[in-house]
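Novice: This is a predicted model, with the sequence first.
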Amino acid sequence: MEKEPVSLKQLFKQEFSKMVAVISKLYGLQHIEIAEDIVSETFLVAAETWDTKGLPPNPAAWLYTVAKQKTIHHFRRNKIFDEKVRPEVTARHELVEDADALNFSQENIKDSQLQMLFAVCNPAIASEAQIGLALRILCGFGIDEIAEAFLSNKETINKRLFRAKEKLRTENIKMELPPAQEITQRLDNVLHIIYLLFSEGYYSQTQNEILRQDLCVEALRLGLMLTEYDKTNLPKTNALIALMCFHASRFNARQSPEGIPVLYEAQDETLWDQSLIHQGIHFLQLSAAGNEVTSYHLEARIAYWHCRKEDTPEKWEEILQLYNSLLMINYSPSVALNRTFALYKANGQAAALIEAEKLKLENNHFYFILLGELYKNIDNKKARLNFQKAWQLAKTDTEKQGIQAQIDSIPDEHTH
Amino acid sequence: MKEFALLFRQSEYAYDKLSAEEYQHLHKNWQDWIGGIAAQGKFVNKGSRLALEGKVLKAGGVVTDGPFVEIRERLGGFIVVMADSLEEATTLAHGCPALNYSGSVEVRELMQ
């Protein structure tokens, strides 16, 4: 049977980050741009050659061979190698023959990528730049794609990446796993970046669904990479993966074929990806080892409950308590709103209304939607007023339409 | 914003007399109350719950066991919250489950 032909674009996504990691590992992160250039050139050659001669039997091996030749050629020819790199390389590797040292074995690719992940997620780099750099270097995203994901332009992204790479140089960041006593703390940073990458994809404003899904898939891949090493395969790593699986399972149900967002309550659960939910449950169970309860643990449990459609008091009580705990670790306005919604489901409308009035999130249209909902049938006049405020604050037409439907559904007051 | 300790005092802690459901309900009330403070972004940390047993050392080296009869309401624990003023911190204390057990909440600013 013939294998599905892979597109050059898919290959680029898969192989770019591997090759950049292996080359950077050998020659140092200060030469990461050279590594990127070499790999990009390799793909150019591939595009030209394969266009005329067709795809080779093992495209990845073909790419590795060409990249290897180009790398050796570049560093031999270039003065940088003799003046700067050779003393370091020889000191570290005791004159290993270049061709052997540049090793594209599966094992070395995996090690290099993990080390690159820790290097990119070094606390010395600002976090927005880290996400950009992670997308470029670890996920093989193009500059235009990163710009689209951030709703920014190529120039800004290029500048941001340039500064991030400069940090790699000036902070003398090495491609290596942190020492044992630092690894847990540094892992927190890595997990946070993966979480941000995922959220960028899941909640992004961009309309490009494929791009958003790509971001989520890549974040999940990076998370899974961490499970292959004992030192990084910790309960919190598993919790983060569980969280991503549960959220990702609802990806296709979140939007109608016409591209209109579908609210949770109205989602067709047959569209939820059961295999991802099962994978999530598997990692959720693994995450229960140990005593540490991180925000990923709590969020994963909440996401798990949202993968069960039935509306029982137990479910909402459990979700409410998870939100209570989450807020004690990590406050954010959206968590506060979700907590108040859970309170409404668990403790009733009147109790939730009192709590909601205390939140005072005056610039948040979701806040006024929630208030509108909670005032319904208790004080319809106030319900209407709150929905109207929400309408004014809402940013998109789709949101405004949804809010208008809520306003229209409130029965008229019989006052004089 | 300043930080304040909310100190809980109760005259009685008959937790061992509670059924499993009652205990769970009590726990929920505390979690919901603290969650409500956290939802306003005003929760700082959990402080500590204090064990019910203890000893009191007095001048002259006199050591007595609890219960501390001189203190009508025993200190049970505290949490730390954020607020602009003592008045606002006191508002946060409303709804504290200790109040349902004829207890009280003492609000004190933490000195920097």
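Specialist: Looks like it came in fine.
Novice: Please list the residues of chain B that sit near chain A.
Specialist: Within chain B, the positions lying close to chain A (C-beta under 8 Å from any C-beta of the partner chain) are B:28, B:31-32, B:34-36, B:38-41, B:43, B:46. C-betas here are computed from N, CA, C, even on glycine.
Novice: mind running it again at 6 Å?
Specialist: B:31, B:35-36, B:38-41, B:43 (C-beta under 6 Å from any C-beta of the partner chain).
Novice: What subset of those residues is buried?
Specialist: If you count burial by 16 or more other C-beta atoms under 10 Å in any protein chain shown, the buried members of the residues of chain B next to chain A come out as B:31, B:35-36, B:38-41, B:43.
Novice: could I get these as TSV with pLDDT and secondary structure?
Specialist: Formatted as TSV, these follow (pLDDT from 0 to 100; DSSP: H, G, I helix; E, B strand; the rest coil):
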residue	pLDDT	secondary structure
B:Gln31	96	helix
B:Gly35	97	helix
B:Gly36	97	helix
B:Ala38	97	helix
B:Ala39	97	helix
B:Gln40	97	coil
B:Gly41	96	coil
B:Phe43	97	strand
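Novice: Give the buried residues for stretch A:345-363.
Specialist: Neighbour counts using 16+ other C-beta under 10 Å place A:345-347, A:349, A:351-353, A:355-356, A:359, A:361 of stretch A:345-363 among the buried residues.
Novice: Please identify which two of the buried ones among the residues of chain B next to chain A are farthest apart in space.
Specialist: Looking at these by C-beta to C-beta, the two members farthest from one another are B:Gln31 and B:Gly41, with 17.3 Å of separation.
Novice: The one residue in the stretch 51-200 of chain A that gets nearest to chain B is in what secondary structure piece?
Specialist: Ranking the residues of the stretch 51-200 of chain A by distance to chain B (C-beta to the nearest C-beta) places A:Asp188 first, at 18.7 Å. Using DSSP states H and E, the element containing A:Asp188 is helix A:183-203.
Novice: ok, back up a step: could you single out the nearest of the buried residues of stretch A:345-363 to A:Gln130?
Specialist: A:Gln130 has its nearest neighbour among the buried residues of stretch A:345-363 in A:Leu361, at 28.4 Å by C-beta to C-beta.
Novice: State the distance from A:Ser295 to A:Val335.
Specialist: The gap separating A:Ser295 from A:Val335 is 9 Å, by C-beta to C-beta, to the nearest Å.
Novice: A:Pro257 sits in which helix or strand?
Specialist: Under DSSP H and E, no helix or strand contains A:Pro257.
Novice: count of residues packed around it?
Specialist: Summarising burial for A:Pro257: neighbours were counted as other C-beta atoms under 10 Å in any protein chain shown, giving 5.
Novice: List the buried residues of stretch A:169-178.
Specialist: Of the residues in stretch A:169-178, those scored as buried under the neighbour-count criterion (16+ other C-beta under 10 Å) are A:173, A:175, A:177-178.
Novice: Residues contacting that stretch, please?
Specialist: Applying C-beta atoms under 6 Å, 6 or more residues apart in numbering or on different chains, the set of residues contacting stretch A:169-178 from outside is A:25, A:29-30, A:115, A:119, A:122, A:124, A:186.
Novice: Mind checking which of the residues you listed are buried?
Specialist: If you count burial by 16+ other C-beta under 10 Å, the buried members of the contacts of stretch A:169-178 come out as A:25, A:29-30, A:115, A:119, A:122, A:186.
Novice: which residues does residue 16 contact?
Specialist: This is for chain A. Residues in contact with A:Phe16 (C-beta under 6 Å, 6+ apart) are A:39, A:140.
Novice: can you confirm it is in a strand?
Specialist: No - looking at A:Phe16 with DSSP: H, G, I helix; E, B strand; the rest coil, it is helix, so not inside a strand.
Novice: any idea how far chain B is from it?
Specialist: Between A:Phe16 and chain B the distance is 42 Å, computed by C-beta to the nearest C-beta, to the nearest Å.
Novice: what residues does the helix or strand bottoming out on mean pLDDT in chain B touch?
Specialist: For chain B, counting by mean pLDDT, DSSP states H and E, strand B:62-65 ranks last in confidence among helices and strands (a mean of 80). Identification of contacts with strand B:62-65 by C-beta under 6 Å, 6+ apart yields B:55-57.
Novice: Serialize the contacts of stretch A:169-178 to a markdown table and add fields for distance to chain B and pLDDT.
Specialist: As requested, those are arranged in a markdown table below (distance: C-beta to the nearest C-beta, whole Å; pLDDT from 0 to 100):
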| residue | distance to chain B | pLDDT |
| --- | --- | --- |
| A:Lys25 | 42 | 89 |
| A:Leu29 | 38 | 90 |
| A:Gln30 | 42 | 86 |
| A:Gln115 | 36 | 94 |
| A:Ala119 | 33 | 93 |
| A:Asn122 | 29 | 89 |
| A:Ala124 | 28 | 87 |
| A:Arg186 | 25 | 91 |
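Novice: can you tell me which of these are in helices?
Specialist: A:25, A:115, A:119, A:186 (DSSP state H).
Novice: Could you list which residues are in contact with the first one?
Specialist: Think A:Lys25. Applying C-beta under 6 Å, 6+ apart, we find A:Lys25 in contact with A:112, A:175.
Novice: likewise the third one?
Specialist: With contact set as C-beta under 6 Å, 6+ apart, A:Ala119 has these partners: A:29, A:173, A:175.
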